[in-house]
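[1] okay, structure incoming, though there's no sequence with it:
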């Protein structure tokens, strides 16, 4: 059974930092690209960042470039999202996402709430 379990969300003041984690199981993590996707209140899904299975290539939405850093630890089957210089518009539920190409299936975590407010 595939599981993606996010953690690390919370309430932070503007300008603050948070690190999200997503622990994965049930598939070959090291060969699977991973993504972070968010959904702000009343809005649709927004892709935030992604990286390849080996972690050698990373990608960012323009809205977070220079502030967020995605990384992974394949020994721990975990992907991270370090979020710095947070803004109120970063407030959203953040989801971990994986597309397992060998199975042609996409998986989502349950999400973790990030609230940026003073």
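    Received it, and whenever you're ready, just let me know what you need. In this text, all values refer to a predicted model and were calculated from it rather than measured experimentally.
[2] and the nearest residue to residue 94 once chain neighbours are set aside, what is it in contact with?
    Closest residue to residue 94 apart from its sequence neighbours, by CB to CB, 6 or more residues apart in numbering: residue 38 at 4.8 Å. All C-beta atoms are positioned from the backbone trio N, CA, C, and that covers glycine. Residues near residue 38 by CB atoms under 8 Å, 6 or more residues apart in numbering: 45, 46, 48, 90, 92, 93, 94, 95, 114.
[3] please look at the second one and residue 35 and confirm they touch.
    It refers to residue 46. No - counting by CB atoms under 8 Å, residue 46 sits too far from residue 35 to count as a contact (11.1 Å).
[4] and the two? Which one has more around it.
    Just comparing residue 46 and residue 35: by other CB atoms under 10 Å the higher neighbour count belongs to residue 35, 21 against 14.
[5] in the sheet, who's paired with the residue nearest the centre of the chain?
    With distances taken as CA atoms, centre = their mean, residue 36 lies nearest the centre of the chain, 2.9 Å away. Partner residues in beta bridges with residue 36, using DSSP bridges, are residue 49, residue 96.
[6] contacting residues for it?
    Residues in contact with residue 36 (CB under 8 Å, 6+ apart) are 20, 22, 47-50, 70, 79, 81, 94-97.
[7] one more time with 6 Å
    Residue 36 sits next to 48, 49, 81, 94 when contact means CB atoms under 6 Å, 6 or more residues apart in numbering.
[8] repeat for residue 59
    Applying CB under 6 Å, 6+ apart, the residues contacting residue 59 are residue 50.
[9] that one belongs to a strand?
    Yes - under DSSP: H, G, I helix; E, B strand; the rest coil, residue 59 sits within a strand.
[10] thinking again about what came up before, just the buried ones out of the contacts of residue 38, please.
    With neighbours counted by 16 or more other CB atoms under 10 Å, the contacts of residue 38 contain buried members at 48, 90, 92, 93, 94, 95, 114.
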